[in-house]
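> Prediction below, plus the sequence it came from.
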Amino acid sequence: MAFSSSQLEAAIKEGRFEDVAPELDAEELQSPNPNVLAQDWPIALHLLGHIYNGNLEDARFLWKRTPAAVKEQDPELKAAFQLLQITWNKDYQAIWQALAASGWSQHASKLIAALHAKLRAHSLQFLSRSYSTISPAKAASLLGASEAELQPLVEPEGWKLDPATNMFKVEERTVEDADRADLQHLERLSRYMVHLETGA
């Protein structure tokens, strides 16, 4: 990307994806240029950073203040905005398809991969707290996975497939105190990403 920020580059390289949006927010606010968003700004990455942090309102405001010409000319920004729309509109099945789409830049693809992993981990924890049994089809749908991919995902959580019913017996994993703050942070995304009463 044309924009350069050592702090931003370091955050991405080190996997501190939660710092992407705050870093860009600070850079934008500190810029003396009132048209900074029209000057090779990494808006798609900025937008994805807000989505990663669950700050959908901030992402919407960023989109609204983005110059129209930039919106029309940047295909990656359009893809990021589509992801925001899907998330905002609670299109629970489409979120996984959008995250699996190709064509992202190097930096954005790392953030997309991290978002995918974060949402899948959160969804798995959410299901473990909400279900005692669940069908493979429904679990696959809510985890954005194929049924063939389920076993290695759910085994570490203690889920067991009952051959007689072809249903997973869900075990709620004990959460250590150190994990609770992160779970509370992830919970902000659950109302957008997981809908337990629809799907397969």
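That came through, no problem.
> any idea which helix or strand comes after the longest helix along the chain?
Secondary structure of the chain per DSSP state H: the longest helix is helix 106-130. Counting by DSSP states H and E, the element after helix 106-130 in chain order, helix or strand, is strand 133-134.
> Next, name the residue at the spatial heart of this protein.
Leu115 (3.4 Å; C-alpha atoms, centre = their mean).
> separation between Glu171 and Ser123?
Separation of Glu171 from Ser123 (C-beta to C-beta, to the nearest Å): 16 Å. (Each C-beta comes from the backbone N, C-alpha and C, glycine too.)
> More neighbours: the two, which one.
Ser123 (25 against 13; other C-beta atoms under 10 Å).
> Let me see the contact set for the nearest residue in space to Ser146 that is not next to it in sequence.
Take Ser146 and drop its neighbours on the chain: the residue closest to it by C-beta to C-beta, 6 or more residues apart in numbering is Ala140, 6.0 Å away. By C-beta atoms under 8 Å, 6 or more residues apart in numbering, the contact set of Ala140 is 146-147, 149-150, 200.
> repeat that for 7 Å
Applying C-beta atoms under 7 Å, 6 or more residues apart in numbering to Ala140 gives the contacts 146-147, 150.
> Show me where the protein has its strands.
133-134, 160-162, 167-169 (DSSP state E).
> Just name the most buried of the ones you listed.
Among the strands of the chain, strand 167-169 has the highest mean neighbour count (mean count of other C-beta atoms under 10 Å), at a mean of 18.
> That one packs against which elements?
strand 133-134, strand 160-162 (3 or more C-beta pairs under 7 Å, 6 or more residues apart in numbering; DSSP states H and E).
> please redo it, this time with the cut-off set to 8 Å
If you count contacts as 3 or more C-beta pairs under 8 Å, 6 or more residues apart in numbering; DSSP states H and E, strand 167-169 packs onto strand 133-134, helix 136-143, strand 160-162.
> Pull the residues that contact it.
For strand 167-169, contacts defined as C-beta under 8 Å, 6+ apart pick out 132-136, 139, 150, 154, 159-162.
> just for the chain, where's the confidence low?
For the chain, the stretches with pLDDT under 70 are 1-4, 172-200.
> Which strands or helices does the longest helix of the chain pack on?
Short answer (3+ C-beta pairs under 8 Å, 6+ apart): helix 106-130 packs on helix 6-13, helix 43-52, helix 94-100, helix 136-143, helix 147-154, helix 177-193.
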